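Provided below are the primary sequence and the corresponding predicted coordinates.
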Amino acid sequence: MFLPPVSHSSQLFYTLQTGSFTEVSAAHKQFNSIVSELSSKQLDHLRIEKIGRFYCVRLGKFESYSAAKKFHNSIETWNSKSIIIDAYIRDQRIIKVYKASLPSGKDPFEEKPHSSAAAEKINSAVTEMTEDKTETEISTLSHERKGDKYVAAESFLLAVEEYRQAINQGINHPNLYRKLSSILYKTGFVDEAIVEMEKAVSLLPCADILRLELGVLYFATDRLEKAKEQFSVALKNNPGLTRSYYYLGEIFLSTGDYDMAWLCVNLARRYGYRGQYIIQKLSILSKEPDIDPWIVNKEDLYIRQILVNNYKKAENIVDRISGGELFEDIAFKESLGPNANVGGFMGEFEFSDMHPELASELLEREVLSDPIIVETEQGFHIIQRIAPFDLDYWEKLLTDSDRLKK
């Protein structure tokens, strides 16, 4: 077990990360959405930080995990994908900030600085709308709960009716569209299921799990290019989604791109996939290419974690991962951390973002080597190093490999 000492001089704070994007425009879009949706009191330390090649939208600055968790719970219905992380807040990385509490926060992408007065006006209007809809929201929640009960009783068509009633009366939440999509698919209305899942993704475009599920729906209806796009975006947001690699392998197999199919399936295997059927099919059709797909920067770390409350359980989970259980499945079901709903993925970190001894320990390890266990005041963190997803880079690797063979 790795136990970092508490003598590190730099100050770590707890903060919420609501999204991580490769395009700055997407980060600005989420930033502006947060300003519109939350009250001015909730917007303290709302910022966009440039970390590595990602633009991260972060909110809040807390000295204790409990304070961060309390705030996280207060906004979770608005953004169920936000996660609590501990990080250094460095002025030089901030490209946009809501308030002047961080003095160097500037927005080089707008002609004028963000207007607090304008934000207050927007927040006031949102508050008035919310108050006017209180009774309606109670009614719509009743419909959603009835739908959940019908699903539990396997009365799926009645569940569809209740979910639609909730939507018609004003609930505009991605999870409701997701539930409706799932039931429509089960009852044979596949095209309608796709429409509802598309709505869910449009409301929360950074949600990798929603994109994975939309990709599966596209794959099931032979819309392979659309499926490929969704799986790719999901993996850019969260490169630890084993099933997305598998489905990409199936897509490349279907389109005759056997080298890429091999690469994606092998990535799925490295992440824990144990199936053999697709490998048997590929073995008949082509020879496995000999390339190393990992994109590893010596100063950047992609990590995921599972948080539990005792060391014995942490050891047991490490053994289960070594035995073939998927890291993300265990995180979904058993992690106490707020990032459990994204399979434990924490994001990309520079060396300076982490305690130096922990960062050094992880950098010395191979990608997807056995996780390490770290004890903090929150509990026992099972941390594993993973690697980014980049189809363009892999296609270039394969092209260069083919050129060398000729």
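Noted; the coordinates are in hand. Because the structure is predicted, anything quoted here is derived from the model rather than measured.

now residue 199, nearest residue through space, not along the chain?
Nearest non-adjacent residue to residue 199, counting by C-beta to C-beta, 6 or more residues apart in numbering: residue 177, 4.6 Å away. C-beta here means a position set from N, CA and C on the backbone, and glycine is covered the same way.

Likewise for residue 160?
Nearest non-adjacent residue to residue 160 (C-beta to C-beta, 6+ apart): residue 183, at 5.5 Å.

my read: that neighbour touches residue 163, true?
Yes. Here residue 183 reaches residue 163: they are 7.1 Å apart, a contact under C-beta atoms under 8 Å.

which of the two has more neighbours?
residue 163 (27 against 21; other C-beta atoms under 10 Å).

That one should be in a helix, yeah?
Yes. Using DSSP: H, G, I helix; E, B strand; the rest coil, the assignment for residue 163 is a helix.

That one contacts residue 144, correct?
Yes. Counting by C-beta under 8 Å, residue 163 touches residue 144, with 6.7 Å between them.

Now the common contact residues for these two.
residue 176 (C-beta atoms under 8 Å, 6 or more residues apart in numbering).

List the residues that contact residue 185.
193, 217.

give me every residue that touches the residue nearest to residue 160.
Counted by C-beta under 8 Å, 6+ apart, residue 183 has contacts 151, 156, 159, 160, 163.

biggest separation within those, which pair?
Based on C-beta to C-beta, the longest span within the contacts of residue 183 runs between 156 and 163 and measures 10.4 Å.

what stretches of the stretch 101-250 of the chain score poorly on pLDDT?
101-141 (pLDDT under 70).

where exactly do the helices run in it?
116-132, 134-152, 156-168, 174-186, 190-203, 208-220, 224-237, 242-254 (DSSP state H, counting those that start in this stretch).

Please name whichever of those is nearest to residue 358.
Closest among these, using C-beta to C-beta: helix 224-237, at 23.8 Å.

What are the buried residues along stretch 203-223?
203-219 (16 or more other C-beta atoms under 10 Å).

one step back: is it possible to export the contacts of residue 183 to CSV including distance to residue 323?
Below are the contacts of residue 183 laid out as CSV (distance: C-beta to C-beta, whole Å):
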residue, distance to residue 323
151, 33
156, 35
159, 37
160, 40
163, 39
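
now, which of those sits nearest residue 47?
Nearest member of the contacts of residue 183 to residue 47, counting by C-beta to C-beta, is residue 163, at 36.1 Å.

tell me the contacts of that closest one?
So residue 163 contacts 143, 144, 147, 176, 179, 180, 183 (C-beta under 8 Å, 6+ apart).

With distance to residue 33 as new columns, can those be given to me in JSON lines?
Output for the contacts of residue 163, formatted as JSON lines (distance: C-beta to C-beta, whole Å):
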{"residue": "143", "distance to residue 33": "26"}
{"residue": "144", "distance to residue 33": "23"}
{"residue": "147", "distance to residue 33": "27"}
{"residue": "176", "distance to residue 33": "18"}
{"residue": "179", "distance to residue 33": "22"}
{"residue": "180", "distance to residue 33": "22"}
{"residue": "183", "distance to residue 33": "28"}
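
Quick check: the nearest residue to residue 243 once chain neighbours are set aside vs residue 288, distance?
Of all residues not flanking residue 243 in the chain, residue 212 sits nearest, at 6.7 Å (C-beta to C-beta, 6+ apart). According to C-beta to C-beta, to the nearest Å, residue 212 and residue 288 sit 26 Å apart.

Which parts of this structure are strands?
Secondary structure of the chain (DSSP state E): strands located at 13-21, 47-51, 54-62, 83-87, 94-97, 300-308, 345-350, 372-376, 379-386.

any idea of the mean pLDDT in the third one?
To tie it back to what came earlier, the one meant is strand 54-62. Regarding strand 54-62, the rounded mean pLDDT is 87.

now that strand against strand 300-308, angle please.
50 degrees (axes from the mean of the first three to the mean of the last three C-alpha atoms, to 10 degrees).
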